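Colleague: Would you be able to build a 3D model of this:
(one chain, ligands or ions: 2)
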Amino acid sequence: MISAVATRVEVIKWMEDFVSETTAEFLKTVEDSWQPTDLLPLSTVDNFFDEIKALRERARDLSYDLLAVLVGDTITEEALPTYESWFMKIKGMPNSEQSPWTKWIRGWTAEENRHGDVLNRYLYLSGRVNMREMEASTQFLIADVFDLMTDDDPFRSFIYTRYQETATNISHRRVAQIAKKQGDTILAKLCGHVAADEARHAKAYKSFVSKIFEVDANEMMLAFEDMMRKKIVMPAHYMREMGVDMGKTFGHFTDAAQRIGVYTSVDYTDILESLIVEWKIDAMTGLNEAGERARDYVMALPDRLKRVAGRMRVPELEYKFRWID
Ligand SMILES: [Fe+2]
Ligand SMILES: [Fe+2]
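Modeller: Ligands and ions are numbered 1, 2, ... in the order given. Here you go, the predicted structure:
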């Protein structure tokens, strides 16, 4: 056990064994992992071209908004392995290859790398996307700075990743459902596999936060409140197309996601409500006055967000993305 007023560095150090266990429980070994090749036509077999033809026929009926969401998701996933550098900057992270934290971040981003690969390859084969424009957006997103507003604080960062992993789980799962309805079973299966990975990642980050609540409830609560006040921004909020201002494309991408119900403001509130239950926020003890105020803010937030969501209109305006000809 560590002292009641531990520093972030001490908490991170104290969590090392726990992080090892979490890695073993929630990340898969390479041997046990699916690979993009398992889910797409094999280029080494004779009927490759027949399979591609069938894939393109199925992809022909995918709606414009679904395609736009898929491209935005792909760009987001393609940039994710670069989060390793963001994660290693978090206060207290040891600069050591042998640290359980280093192993966690490498294992996590290595899993994520497959997401961008499989989505990218599918879109390339589908023939529905202007790949050059999509690739340019990916290069922009990786090169542009991004600010997740976590201040390099581990407590805030894990709230962020816990939120994001669930948001991506929801959106990939919904894309899978819509793809299935629109007759594309390959795409449905592939997005289902990605969604399942995100669910495991969400559980891991949930456990990181739970562990910190055990040892430093007050500071964890303040971090939770702070992130909710700032509002969790999507990791790709600076997404742009060539010739379009930074962040503008992102707004059109989220509009498309709202329109087809892949990820909405209702989902944002639902995630918050599930976190309140998950971490038993209402019954949290050991808080000082500021901590109690933070808890009250978080507890009252879902109702406030629901009132605002009720007044919000889903944007109707169709946007012509450069990604789709
Ligand atoms: Fe992912
Ligand atoms: Fe993930």
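Colleague: all helices for the stretch 1-150 of the chain, in order.
Modeller: 8-14, 16-26, 36-39, 48-59, 64-79, 83-88, 100-126, 131-143 (DSSP state H, counting those that start in this stretch).
Colleague: Based on its surroundings, how many neighbours for the closest residue in space to Glu84 that isn't next to it in sequence?
Modeller: Spatial nearest neighbour of Glu84, excluding adjacent residues (C-beta to C-beta, 6 or more residues apart in numbering): Thr109 at 4.9 Å. Where C-beta positions appear, they are placed from N, C-alpha and C, glycine not excepted. By other C-beta atoms under 10 Å, the residues close to Thr109 number 16.
Colleague: do the same with the one 4 residues further on
Modeller: Asn113: 15 surrounding residues under other C-beta under 10 Å.
Colleague: Which residues are in contact with it?
Modeller: By C-beta atoms under 8 Å, 6 or more residues apart in numbering, the contact list for Asn113 reads Leu80, Pro81.
Colleague: Mind pulling up the pLDDT for it?
Modeller: Note for Asn113: predicted pLDDT of 97.
Colleague: Over to the one 5 residues further on?
Modeller: Looking at Val118, its pLDDT is 98.
Colleague: cool, Tyr83 as well?
Modeller: Predicted confidence (pLDDT) for Tyr83: 87.
Colleague: quick one: it from ligand 2, how far?
Modeller: Remark: distance between Tyr83 and ligand 2 (C-beta to the ion, to the nearest Å) = 10 Å.
Colleague: any idea how far the nearest residue to that residue once chain neighbours are set aside lies from Ala68?
Modeller: Leaving out its chain neighbours, the residue that sits closest to Tyr83 by C-beta to C-beta, 6+ apart is Thr109, at 6.0 Å. Distance, Thr109 to Ala68, using C-beta to C-beta, to the nearest Å: 26 Å.
Colleague: ranges for the strands of the stretch 201-325 of the chain?
Modeller: Shown for the stretch 201-325 of the chain, no strands are assigned by DSSP state E, counting those that start in this stretch.
Colleague: just to revisit the earlier point, got a list of what the residue nearest to Glu84 touches?
Modeller: Leu80, Pro81, Tyr83, Glu84, Phe87.
Colleague: what about the last one, how many neighbours?
Modeller: Applying other C-beta under 10 Å, we find 19 other residues in the vicinity of Phe87.
Colleague: Let me see the contact set for it.
Modeller: Each residue near Phe87 by C-beta under 8 Å, 6+ apart is listed here: Met93, Ile105, Thr109, Ser157.
Colleague: Likewise for the fourth one?
Modeller: Contacts for Glu84 were tallied using C-beta under 8 Å, 6+ apart; they are Ile105, Arg106, Thr109.
Colleague: Now the stretch 151-300 of the chain against ligand 2: closest residue?
Modeller: His201 (3.7 Å; C-beta to the ion).
Colleague: For the chain, give me the ranges with low pLDDT.
Modeller: Scanning the chain for pLDDT under 70 picks out 1-5.
Colleague: what does this structure have sitting close to ligand 2?
Modeller: By C-beta under 5 Å from the ion, the residues of the chain that approach ligand 2 are Glu165, Glu198, His201.
Colleague: List phi and psi for the first one.
Modeller: Main-chain torsions, Glu165, degrees, to the nearest 10: phi -60, psi -40.
Colleague: okay, now the closest residue to it other than its chain neighbours: neighbour count?
Modeller: Spatial nearest neighbour of Glu165, excluding adjacent residues (C-beta to C-beta, 6+ apart): Ala202 at 3.7 Å. Number of residues near Ala202 (other C-beta under 10 Å) recorded here: 23.
Colleague: quick one, what contacts Ala202?
Modeller: Ala202 neighbours (C-beta under 8 Å, 6+ apart): Arg162, Glu165, Thr166, Asn169.
Colleague: coming back round to it: quick one: which of the contacts of Phe87 has the most company?
Modeller: Going by other C-beta under 10 Å, Ser157 tops these with 23 neighbours.
Colleague: correct me, but that residue touches Gln164?
Modeller: No. Applying C-beta atoms under 8 Å as the test, Ser157 and Gln164 come out as separate, 10.4 Å apart.
Colleague: which SSE is the spatially closest residue to Phe208 that is not a sequence neighbour in?
Modeller: Counting by C-beta to C-beta, 6+ apart, the nearest residue to Phe208 once its immediate chain neighbours are dropped is Phe158, at 4.6 Å. Using DSSP states H and E, Phe158 sits within helix 154-181.
Colleague: which parts of that helix are buried?
Modeller: 154-179 (16 or more other C-beta atoms under 10 Å).
Colleague: now do stretch 231-251
Modeller: 232-241, 244, 249-250.
Colleague: Nearest to Phe26 among the residues you listed?
Modeller: Pro235 (19.7 Å; C-beta to C-beta).
Colleague: re the thing from before, I'd say the residue nearest to Phe208 and His201 touch.
Modeller: No. Between Phe158 and His201 there is no contact under C-beta under 8 Å: 11.6 Å.
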